[in-house]
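**Q** Only the shape, not the letters, is given here:
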Ligand SMILES: NC(=O)c1ccc[n+]([C@@H]2O[C@H](COP(=O)([O-])OP(=O)(O)OC[C@H]3O[C@@H](n4cnc5c(N)ncnc54)[C@H](O)[C@@H]3O)[C@@H](O)[C@H]2O)c1
Ligand SMILES: N[C@@H](CCO)C(=O)O
Ligand code: NA
């Protein structure tokens, strides 16, 4: 096996696949900090080859290390493969090959991990190789290692956070300017905070992949991206932001992973990504711009919060190098890092059965009995109201209702029925809420 030879101090040879935003920073740090990394790892960690699409386009890199043949580099005499290309294929094939041959893998690839981690872990187990992926969720923030290792002795009940910088930048800007979604997205693109094709971010795919990884680790179960209920931010309006402000709240796109216990004691996992109104006093409300933050609740530890830069070349490279040093240390002592932990095998709860709370803001006819009629629709769907606020505006009254927890499907049906009532002039804003006021 590749790692056995390191016990006598042999150099650990690293194959770098991809040299874009993150890969170029990994190559730089590996070169500039070679001495310190060797001291920390217990053996020299050497860049043995860099696979790029077009070697002629990289005059800044050591030419003798460059290749356009990633598959051959993976098969060559390397101990570790660091994958920073992204996407599913051909990367999956290369990483499975590496792992099956006993070469450890470090990757930032959330798309791959959120769909195919079971196969990757299986291949790693078969050969005794390591699989580390701290950079795949919340960039530089140490989050996966705390979940996999530091909190392995605790029982995690909830992981909730801002895991996408692009959408957080847009929602923060909408909150501070009062502007609408489309013009704020345009501004974010102009400033370089949103990609040319922002679909993966604004439609919540990126956050859903991260939620799947977080839920799998937190609840020792297999959760894939397709298990995650996903809603993006394109539907968030200036009216939603104003309604949130009026309630002392702000709107965030959150990834929410919860352990849900049914009345009969059976447990399941709920994993979802959608816009949420949270109190402005909530620790996540103060996370602005492109920053990420994740809130973890565990039985013994209580509440924990992880905050920092969730993206960018150097911050993400920090997480990659941390993983690389961990792999190198394992190779030096002949041990292994944590394996897949999916023993709980909790089922995923459908969104409709997941308990949520709603905020509903309506313009209704201002005459006797209207409030009672609206309240009756909530009651008919077995949804309990937590708070109501009414403000008169000539012939129209503005009605703001916040519910208690109810199955999401019941809340959806309530909102649909209310929208059809004659006395309801306009449904101004509907959004889920989290956190106590
Ligand atoms: N950029 C970030 O802030 C960030 C943060 C967290 C995670 N990630 C993840 O890190 C990974 C890399 O992201 P990035 O932002 O550096 O992307 P990037 O597009 O800047 O870099 C990817 C590089 O891979 C190269 N590549 C594509 N196909 C190749 C092939 N067949 N052989 C060799 N090279 C090939 C591309 O030419 C490109 O240079 C992705 O999985 C991404 O999701 C990125
Ligand atoms: N597109 C992601 C990059 C980090 O995965 C974001 O906006 O947070
Ligand atoms: Na991280």
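**A** In hand now; what should we look at? Being a predicted model, the structure only gives us computed values, none of them experimental. Ligands and ions are numbered 1, 2, ... in the order given.
**Q** Please count neighbours and contacts with C-alpha atoms only from this point.
**A** OK.
**Q** quick one: residue 236 and residue 184 touch, right?
**A** No: contact criterion C-alpha atoms under 8 Å: residue 236 and residue 184 do not qualify, at 11.3 Å.
**Q** Neighbour count for the two, which is higher?
**A** Using other C-alpha atoms under 10 Å as the criterion, residue 236 and residue 184 rank with residue 236 on top: 22 against 19.
**Q** which residues in the stretch 101-250 of the chain form strands?
**A** Residue ranges of the strands in the stretch 101-250 of the chain, as given by DSSP state E, counting those that start in this stretch, are 104-107, 131-132, 156-162, 229-230, 249-261.
**Q** which residues make contact with the lowest-mean-pLDDT helix or strand in the chain from outside it?
**A** Sorting the helices and strands of the chain by mean pLDDT, DSSP states H and E puts strand 385-393 at the bottom, at a mean of 89. Outside strand 385-393, the residues within contact range by C-alpha atoms under 8 Å, 6 or more residues apart in numbering are 366, 375, 378, 397, 398, 399, 400, 401, 402, 403, 404.
**Q** Just the buried residues out of those, in ChimeraX syntax.
**A** A single ChimeraX command selects the buried members of those (16 or more other C-alpha atoms under 10 Å):
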select :366,375,378,397,398,399,400,401,402,403
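**Q** Could you list the low-pLDDT ranges of the stretch 151-300 of the chain?
**A** Within the stretch 151-300 of the chain, not a single segment meets pLDDT under 70.
**Q** same for the longest helix seen in the chain, what does it pack against?
**A** The longest helix of the chain (DSSP state H) is helix 313-333. Using 3 or more C-alpha pairs under 8 Å, 6 or more residues apart in numbering; DSSP states H and E, the elements in contact with helix 313-333 are helix 21-32, helix 34-41, strand 104-107.
**Q** The second one to helix 21-32, inter-axis angle?
**A** Using axes from the mean of the first three to the mean of the last three C-alpha atoms, to 10 degrees, one finds that helix 34-41 and helix 21-32 are set 90 degrees apart in direction.
**Q** Summarise which helices and strands helix 34-41 is packed against.
**A** strand 45-51, helix 313-333.
**Q** how about the longest one against ligand 1, any contact?
**A** Yes: Helix 313-333 comes into contact with ligand 1 (C-alpha under 6 Å from any ligand atom), by way of 313, 316.
**Q** Quick check: which element contains the residue of the chain most remote from its centre?
**A** Here the centre of the chain is the reference, and by C-alpha atoms, centre = their mean the most remote residue is residue 368, at 47.0 Å. Taking DSSP states H and E as the definition, one finds residue 368 inside no helix or strand.
**Q** Make 18 the first number, not 1, from now on.
**A** New numbering, starting at 18: the last item is residue 385.
**Q** picking up where we left off before, and the strands of the stretch 118-267 of the chain: which comes nearest residue 313?
**A** strand 173-179 (4.5 Å; C-alpha to C-alpha).
**Q** now the angle from the closest one to strand 266-278?
**A** 150 degrees.
**Q** same for strand 173-179, what does it pack against?
**A** helix 222-236, strand 266-278, strand 308-315.
**Q** What parts of this protein come near ligand 2?
**A** Residues of the chain lying close to ligand 2 by C-alpha under 6 Å from any ligand atom are 181, 182, 183, 218, 327, 328.
**Q** Between these, which sits nearest ligand 1?
**A** Relative to ligand 1, the closest of the residues of the chain next to ligand 2 is residue 328; by C-alpha to the nearest ligand atom it sits at 3.5 Å.
**Q** Next, format the strands of the stretch 118-267 of the chain as TSV and append mean neighbour count.
**A** Putting the strands of the stretch 118-267 of the chain into TSV (neighbours: other C-alpha atoms under 10 Å) gives the following:
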stretch	mean neighbour count
strand 121-124	27
strand 148-149	26
strand 173-179	24
strand 246-247	22
strand 266-278	24
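**Q** Switch the ones you listed over to CSV; also include distance to ligand 3.
**A** As requested, the strands of the stretch 118-267 of the chain are arranged in CSV below (distance: least, C-alpha to the ion, whole Å):
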stretch, distance to ligand 3
strand 121-124, 11
strand 148-149, 11
strand 173-179, 12
strand 246-247, 21
strand 266-278, 15
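**Q** Please produce a markdown table containing those, extended by distance to residue 320.
**A** Output for the strands of the stretch 118-267 of the chain, formatted as a markdown table (distance: least, C-alpha to C-alpha, whole Å):
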| stretch | distance to residue 320 |
| --- | --- |
| strand 121-124 | 28 |
| strand 148-149 | 25 |
| strand 173-179 | 9 |
| strand 246-247 | 24 |
| strand 266-278 | 14 |
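**Q** can you redo those strands as a markdown table with distance to ligand 1?
**A** Converted to a markdown table, the strands of the stretch 118-267 of the chain look like this (distance: least, C-alpha to the nearest ligand atom, whole Å):
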| stretch | distance to ligand 1 |
| --- | --- |
| strand 121-124 | 7 |
| strand 148-149 | 13 |
| strand 173-179 | 14 |
| strand 246-247 | 18 |
| strand 266-278 | 16 |
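**Q** Get me the contact residues on this protein for ligand 1.
**A** Near ligand 1, when you scan the chain using C-alpha under 6 Å from any ligand atom, you find 34-40, 68-70, 85, 87, 101-103, 125-127, 152-153, 156, 328-330, 333.
**Q** quick one on the thing from earlier: could you look up the next helix or strand downstream of the least confident helix or strand of the chain?
**A** Downstream of strand 402-410, the next assigned helix or strand under DSSP H and E is strand 413-420.
**Q** and that following strand, how far from the chain's centre?
**A** Per C-alpha atoms, centre = their mean, to the nearest Å, the displacement of strand 413-420 from the mean C-alpha position of its chain is 33 Å.
**Q** do stretch 314-322 as well
**A** Computed by C-alpha atoms, centre = their mean, the chain-centroid distance of stretch 314-322 equals 19 Å.
**Q** Quote the end-to-end distance of it.
**A** Stretch 314-322 stretches 9 Å from its first residue to its last (C-alpha to C-alpha, to the nearest Å).
**Q** Run through the bridge partners of the residue nearest to residue 149 when sequence neighbours are not counted.
**A** Counting by C-alpha to C-alpha, 6 or more residues apart in numbering, residue 149 lies nearest to residue 123, which is 4.9 Å off, once chain neighbours are set aside. Taking DSSP bridges, one obtains residue 99, residue 149 as the residues bridged to residue 123.
**Q** Let me know whether residue 123 touches residue 98 as I believe.
**A** Yes: assessed by C-alpha under 8 Å, residue 123 is found in contact with residue 98 at 6.3 Å.
**Q** Could you show which parts of the stretch 68-217 of the chain are in contact with ligand 3?
**A** Proximity of the stretch 68-217 of the chain to ligand 3, by C-alpha under 5 Å from the ion, involves residues 151, 152, 154, 155, 156, 157, 158, 159.
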